[in-house]
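Novice: Could you look at this predicted model? Sequence included:
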Amino acid sequence: MFSFIVSRILQALPVMFVVSLISFAMFAYVGDPVAIMLGQDFTEAQRVALVRDLGLDEPFFVQFAKFVGNAMQGEFGLSYRLSRPVAELIAERAPATLELAFSAALISLAVGVPMGIYTGLFRHSWLSRFLLTFSLVGVSLPTFLIGILLILVFSVWLGWLPSFGRGDVVRIGWWSSGFFTVSGLKAMILPAITLGLLQLTLIMRLVRSEMMEVLRTDYIKFARARGLPNRAIYFGHALKNTLVPVITIAGLQLGSIIAFAIVTETVFQWPGMGLLFIQSVGAADIPVMAAYLMLIAVVFVTINLIVDLLYYAVDPRLRTGRGAGH
Amino acid sequence: MKAFFDSDIWWSFTRSPVVVLSAIVALVCIIGAVFSPLIAPHNPFDLASLQLMDAFKPPSWEAEGDPLYLLGTDDQGRDMLSAIMFGARVSLMVGFCAVIFSTVVGVTVGLVAGYMGGKVDALLMRIADIQLTFPSILVALLVDGVVRAAVPREVHDQIALFVVIFAIGISNWPQFARTVRGSTLVERNKEYVQAARVIGLSPLRIMRSHVLPNVMSPVLVIATLNLSFAILAEATLSFLGVGVPPTQPSLGTLIRIGNDFLFSGEWWIAIFPGIALIVMVLSVNLLGDWLRDALNPKLR
Amino acid sequence: MSLLQVKNLRVEFPTRRGTLVALDDVSFEIAPGEVLGVVGESGAGKSMTGAAIIGLLEPPGRIASGEILLEGRRIDNLPYEKMRRIRGREIGTIFQDPLTTLNPLYTIGRQLVETITTHLPVGPGEAREKAIGWLELVGIPAARERIDSYPHEFSGGMRQRVVIALALCAEPKLIVADEPTTALDVSIQAQVIAMLKTLAREKGTAMMLVTHDMGVIAETADRVAVMYAGRISEIGPVRQLVRHARHPYSQGLMGSIPPLDRRVERLQQIDGAMPRLSAIPRGCAFNPRCPRVFDRCLVERPELMDAGTTRASCWLYAEGAPA
C-alpha cells in the first residue's frame, strides 16, 4: 500500500516538472515583465535595479530553481494586471470555483451513473433511446450555450434564479461559502447544472458502454448459467466490474470540470479562478496564467492519485500483486 | 465506386434515417457556409448597406419583424441570417484547418513513435500523456494566451485566426498519435512489413505505403468526431473573447455579442447563432458516431 | 424415463443476409447418470446445443422449432425467471476458459456461497461450510484457507476445479460441460476430467460433455453424438462408435486419432472443410467431402437411421444403397 502510493507520487513528478518548466518559461521569456512593471517612464538605473530584484540576470537553472522554490510556497509574484500578489488573488477566488466544481461533479455522478447503468442494461427501451439521444445533444451543446439557454429560460423568462454572481456568502476563516445561504444556493443551481451537464452525458455514455462490455464477458454468462437472479448479476457482478474502468475515466473527466469552469464562470460572472484566468489570458497577465497552470497541474495529479487509490480498493488483482499461487 | 455502394458501410448508411438526415444537414450547413458570399441575402460586412435604423429587428414572424430580415438583425443592423452564414464559414474553416493540423501532427508522431519504438517512442508518448492529463480546451486557452503575450497587439490581430487554428490543433494531436501508434505497432510486426524491410525499402516508404493505409480508418473516425470538437472549441474561445478577431466574427463571436442583449429582450441575437452551432455540431457528431460503429464491426 | 430429451431442435440466427440455421433437426436423449459426449469440428453446433439447453442462446439466436424436455417437462419455452431457477439448480454448466468465467473482483467463496444460497434453503454460514466441502471434493488443497482467495490467486487448473465446484454446488441432475479442459495444460486435462467423471458418478449426475478431444470421449462418455454442420450425423454407444463408426464423417474423425496399440504409416484425414452455415450444400451437408458419396446424397437430406450398432444420418444405411 505504502510503496504503491510512493510509486504513484514518483510517477507524478515528471508531470509536475514539465509543467513547472513550461510555467517558468512563460514567466521568464514571454513578453517583457520588466517593461510591463515599469510602465512608461523609467531610468536605466531603475530598469537594472528591477532586473536584479527579479533575479532576471541570473543563470537559467538558478532562476528556475528559485521559481520552483517560490511556487512551492505559493509565491508567484505580482499580477501585471491587478498589481496584487497572485497567491492572494487565487486564494480569494478558489472557494468559489471549488464549490462550483464540487456541486457540478455531484450532479454529474449522481445522475450520470444511474442513467448509464439503466441505458446499458435496457438497451432497447424507449427511455434508453431517449436518454441516448439526449446525451448526444448534450455532447454537442457547448457549455456556454447551455448556460445562456438556462439563463434565458430561468432568469430572463421565468425570473426564478439569478443569472450572475454567487449570492450571499458566509465566511469561514479565509474560505467563503455559498452553501449556507438561500441566495447562495439559488445562485449555485444554474452554473452547477451548466458545468455538470457535459460531464453527466460523458459519464452516462461511458458507464453504458462499459456496462455493455461487461455484460458480454464470460463471467456474466457464467453467472447467468449458475441461475443467479438478475439483480445479483447486474448490481453485484456487472456493476462492480464496470466501476473499475469508469473510476479512471470519470476521475479524469471530473478534473476537466475545473477547466470547463472557466467557461461557466465567464457566462455567469462567477467570481472564481476561471474568470480570473480568462481575464488574465485577455490581458496577457503571465504570472496569473503560470500560477493557474501550476495549480491545475497539482489538482490533476491529486485526482489521478485518488483515482489510483480507488482502483486499488476496488480491484483485488492490484492488492496481491502479480503471479498466481498454486 | 460500385464496390462502395455494395459495401457494408453504404448499407448501414442507408438503413439509418437519422444518419442520412444528419449527412444532409451537414451538407446544407457546409454549402451555406462556404458559398455564403454568393447566396447570403445581405453582406453583413458591407458597411454601406448597414442601417442603424434597422438595428434590433426581431425575426420576421414576430409583430415588429421586417420581412427583409428573416431572423432579425443585431445591434448594428446586420441581418442575422447572413451573419450566421458568414460566421459558420469562419467556424467551419477554423474547425477543418485545426483538425487537419492535429491529424498531420498526430499521425506523424504516431507513425514515428510506433515504427521507431524504443526511446523515441517512450519520449513522444510521454509528452502525449502529459498533455492528455490536461483538458484540451485548457491547452488551447493557454497556447492562445502565451501567443497573445509574446507578440505585439497589432501583429496578433492579423494572425489571430492562425493562432486559434494552431491552439486548437495542438491541443488535440495526442489522441491521433496514440491511436496511430497502436495500429502501427500491430502492423509493424506483420509479415508483409517485415518482408518490405528485408527487401530494403526505406522506413519512410514502408510507413507511407504499407503502414499508413492500414491505420487510416480509425484516424478517419477520430477526425470526424474531432471536427465537432474543434468547432466547439473555436466557438468557446471566441465566446470567451480570445478566439477569432472581431473583424471576422464566427458563430461563437455572434453568441458572445448576443449574450449582452439577452436581458434587454433581444434573445434572437444569441439564440439563432447558437441553434446554428448546435445543428452543425450535432449532425457531425451523429455522422462520427455512426462511422465509428460502422467501421468497428465488433460493436455492431 | 430419460432425464433430458431434445426433440427436432432447430436454432436460427436471423441476419441481414438472411436466416442462418445453426442447428437443424437435432434430437437426442440423456438418461439419468449417463455421460453423453458431443464431438465435432468447431462451428458444428456443439456449444450451440448446450446453450440452447440452458436457455442462454446469444441473441439474435433463437429456438425456431423443436422441444427440450427435462424430466418430461418442457423447458425451452419457459419464462426467464422460471428458467433461471432451473439453471444452476437442475442443470449446471461448465464453461471452457476458467480464466474468464470467474468474476475477478469477488472471492471464490463469495461466488460459491451466492450460488448455494440462491438455489438451496440454507443460511450463509451453512452455505459457507458447504462451499468448503465442495472445494475439498474438487481437490482444492487447504480449502478452508483458500476459500477467501480471489480467482487470480489460483492456477488455471485450480480455477477450473472451482468452476466445476460452482457448477455442482446446487446439486443439479445434469451438467452441460462445454469443452471443460480445452483451455488447460495437457498435463492437467486428465486430472480434471477424471475428477469430473468421478464426481458425476458419485453424485449420479448426468453430463453432456462437449469436446473435440476424442481421447476424453473414449475415456469418459457412455454414448457419443457426432455433429456436423448443425446436425447430428451419428449417435451411439461409445465403444461401437469409436471402433466401428458407420457414418463416413465419423469414420474420418476416428481415423484421425493416432491409435496407441499399432503403428500406422499415415493418419487418415478428411479433405476440405466444414461448410459455412450460409452455404450448406443441398442434400447431405457432408457430400462434398464424403469419399462414398452417391447420387442420392446430392439431393436428399438423410435423417438419423439405424446403422447397425449406432444410428447415423447417412444414405449408405438406407435400403437400396450401393454396396
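Specialist: On my side now, so go ahead.
Novice: pLDDT score assigned to B:Val20?
Specialist: In this model, B:Val20 is scored at 82, pLDDT.
Novice: need the strands for chain C, in chain order.
Specialist: Along chain C, counting by DSSP state E, strands occupy C:4-15, C:18-30, C:35-39, C:62-70, C:73-74, C:91-94, C:174-178, C:206-210, C:223-228, C:231-237, C:305-307, C:310-312.
Novice: List the buried residues for the second one?
Specialist: Neighbour counts over strand C:18-30 (16 or more other C-beta atoms under 10 Å in any protein chain shown) mark C:Leu20, C:Val21, C:Ala22, C:Leu23, C:Asp24, C:Asp25, C:Val26, C:Ser27, C:Phe28, C:Glu29, C:Ile30 as buried. The C-beta positions use only the backbone N, C-alpha and C, and glycine is treated the same way.
Novice: Please name every helix or strand in contact with it.
Specialist: With contacts taken as 3 or more C-beta pairs under 8 Å, 6 or more residues apart in numbering or on different chains; DSSP states H and E, strand C:18-30 sits against strand C:4-15, helix C:46-53, strand C:62-70, strand C:206-210, strand C:231-237.
Novice: What pairs with the fourth one, parallel or antiparallel?
Specialist: Here strand C:206-210 is paired, per DSSP bridges, with strand C:35-39 (parallel), strand C:174-178 (parallel).
Novice: Check the offset of the first one from the chain's centre.
Specialist: Looking back up the chat, that one is strand C:35-39. Remark: strand C:35-39 is offset 6 Å from the chain centroid, using C-alpha atoms, centre = their mean, to the nearest Å.
Novice: Check stretch A:189-202 too.
Specialist: That offset, for stretch A:189-202, works out to 13 Å (C-alpha atoms, centre = their mean).
Novice: Also stretch C:199-218?
Specialist: 9 Å.
Novice: Could you do stretch A:72-91 as well?
Specialist: Worked out by C-alpha atoms, centre = their mean, stretch A:72-91 lies 21 Å from the chain centre.
Novice: before we move on, what about stretch B:163-176?
Specialist: On C-alpha atoms, centre = their mean, the centre of stretch B:163-176 falls 10 Å from the chain's centre.
Novice: I'd like the mean pLDDT over it, please.
Specialist: For stretch B:163-176, mean pLDDT is 87.
Novice: Check the gap between C:Met305 and chain B for me.
Specialist: With the distance defined as C-beta to the nearest C-beta, to the nearest Å, C:Met305 ends up 41 Å from chain B.
Novice: The residue positioned nearest the centre of chain C bridge partners, please.
Specialist: In chain C, the residue lying closest to the centroid (C-alpha atoms, centre = their mean) is C:Val210, at 2.6 Å. Beta-bridge pairing for C:Val210 (DSSP bridges): C:Val38, C:Asp178.
Novice: Count the neighbours of B:Thr253 for me.
Specialist: 26 (other C-beta atoms under 10 Å in any protein chain shown).
Novice: how about it, what does it touch?
Specialist: By C-beta atoms under 8 Å, 6 or more residues apart in numbering or on different chains, the residues touching B:Thr253 are B:Gly87, B:Ser238, B:Phe239, B:Gly243, B:Val244, B:Pro246.
Novice: hang on, the fourth one is in a helix, isn't it?
Specialist: Meaning B:Gly243. No: applying DSSP: H, G, I helix; E, B strand; the rest coil, one finds B:Gly243 to be coil, outside a helix.
Novice: Tell me the confidence at the closest residue to A:Ala290 other than its chain neighbours?
Specialist: Leaving out its chain neighbours, the residue that sits closest to A:Ala290 by C-beta to C-beta, 6 or more residues apart in numbering or on different chains is A:Ser23, at 4.0 Å. Note for A:Ser23: predicted pLDDT of 81.
Novice: again, but for B:Leu52
Specialist: 65.
Novice: same check, this time on the one 3 residues further on
Specialist: Looking at B:Ala55, its pLDDT reads 66.
Novice: I'd guessed C:Leu102 sits against A:Ile220; true?
Specialist: No: taking contacts as C-beta atoms under 8 Å, C:Leu102 lies outside contact range of A:Ile220: 11.3 Å.
Novice: ok, A:Ala232 - contacts?
Specialist: Applying C-beta under 8 Å, 6+ apart to A:Ala232 gives the contacts A:Ala223, C:Glu114, C:Thr118.
Novice: Now intersect these with the helices, please.
Specialist: A:Ala223, C:Glu114, C:Thr118 (DSSP state H).
Novice: which residues touch stretch A:161-169?
Specialist: Applying C-beta under 8 Å, 6+ apart, the set of residues contacting stretch A:161-169 from outside is A:96, A:151, A:154-156, A:176-178, A:181-190, A:268-271, B:263.
Novice: Generate a PyMOL selection restricted to the buried subset of those residues.
Specialist: Buried subset of these, written as a PyMOL selection, criterion 16+ other C-beta under 10 Å:
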select buried, chain A and resi 96+151+154+155+176+177+178+184+187+188+189+190+268+270+271
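Novice: Burial check on residue 240, number of neighbours?
Specialist: Unless you meant another one, I'm taking chain A. Neighbours around A:Lys240, by other C-beta under 10 Å: 16.
Novice: my bad, the chain I had in mind was chain B
Specialist: Neighbour tally, B:Leu240, other C-beta under 10 Å: 24.
Novice: can you pull the contacts of it?
Specialist: A:Phe144, A:Ile262, A:Val263, A:Thr266, A:Ile278, A:Val281, B:Leu141, B:Arg256.
Novice: Ok, A:Leu127 next?
Specialist: A:Tyr118.
Novice: tell me the pLDDT at it?
Specialist: A:Leu127 is given a pLDDT of 90.
Novice: Distance from the one helix or strand it maps to to the middle of the chain?
Specialist: Element membership of A:Leu127 [criterion: DSSP states H and E] is helix A:126-140. When distances are taken as C-alpha atoms, centre = their mean, helix A:126-140 is centred 24 Å away from the chain's centroid.
Novice: which is the next helix or strand following that helix?
Specialist: That would be, after helix A:126-140 and using DSSP H and E, helix A:143-150.
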